[in-house]
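1. Here is a sequence together with a model predicted from it:
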Amino acid sequence: MIRTFDMFIETEVPENEEIISLTDFSGIITYANDTFAEISGYSTDELIGKPHNIIRHPDMPKSAFEELWNSVKNGKEWQGFVKNLRNDGGYYWVFARVSAVYKNGKTVAYKSVRESISRERKIEMQNIYDTLRNKEENQSRIVVYVDNSKLDEIKKLEE
Ligand SMILES: Cc1cc2nc3c(=O)[nH]c(=O)nc-3n(C[C@H](O)[C@H](O)[C@H](O)COP(=O)(O)O)c2cc1C
């Protein structure tokens, strides 16, 4: 189970690194670079063979991925901001470029190359995605403040 408080722990993508993955036509991961493994908290072996939605964060609106799939299936590149879920329940933000990989004029795979984004952009995108999700899925994201003593009680309940 994902504990709510773990979901607020952010991992920063280093500015000089790219997170790269390849998938088959159904979104099963066929390649993951070391940065992908490190930032997502999985090993490359754990990632390969899994559907890419293994790192789907509940804050992401459905429409973002619908657009992504429509684009790549039609041979167009999709670019967008993505909040991803880490193995430990935390998250990380990226700017992703998703496109088809061609060999002898035929599509053989899909690939995504991702880079870090600014703090301002993360805040902006969180707000945009919260609004979209609220419209699309009738779901709201709420953040509450509790006394530390209450937090200890909640943590005990989760154990
Ligand atoms: C090349 C490629 C890379 C993808 N990368 C991600 C990603 O980093 N995070 C993510 O949540 N979904 C990613 N997706 C989309 C997932 O396949 C999936 O559509 C999404 O997680 C939503 O899950 P759902 O389709 O089960 O609703 C990627 C898809 C492709 C083709």
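-> Received the coordinates, thanks.

2. Show the secondary-structure elements that the helix or strand of the chain with the lowest mean pLDDT is packed against.
-> Least confident helix or strand, the chain: helix 148-158 with a mean of 82, by mean pLDDT, DSSP states H and E. If you count contacts as 3 or more CB pairs under 8 Å, 6 or more residues apart in numbering; DSSP states H and E, helix 148-158 packs onto no helix or strand. (C-beta placed from N, C-alpha, C; glycine too.)

3. quick one: contacts for residue 19?
-> 13, 33, 35-36, 39-40, 94, 112-115 (CB atoms under 8 Å, 6 or more residues apart in numbering).

4. Of these, just the buried ones, PyMOL syntax please.
-> Per 16 or more other CB atoms under 10 Å, the buried members of these correspond to this PyMOL selection:
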select buried, resi 13+33+36+39+40+94+112+114
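
5. near the ligand, from the contacts of residue 19?
-> residue 112 (CB under 6 Å from any ligand atom).

6. Reformat the contacts of residue 19 as TSV; add secondary structure and pLDDT.
-> Below are these laid out as TSV (DSSP: H, G, I helix; E, B strand; the rest coil; pLDDT from 0 to 100):
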residue	secondary structure	pLDDT
13	coil	97
33	coil	98
35	helix	98
36	helix	98
39	helix	98
40	helix	98
94	strand	98
112	strand	98
113	strand	98
114	strand	98
115	strand	98
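
7. which one of the contacts of residue 19 sits closest to residue 6?
-> Comparing the contacts of residue 19 against residue 6 with CB to CB places residue 40 closest, at 14.3 Å.

8. show me what contacts that closest one?
-> Contacts for residue 40 (CB under 8 Å, 6+ apart) come out as 19, 47, 55, 84, 86-87, 92.

9. Quick one: buried ones out of those?
-> 19, 47, 55, 84, 86, 92.
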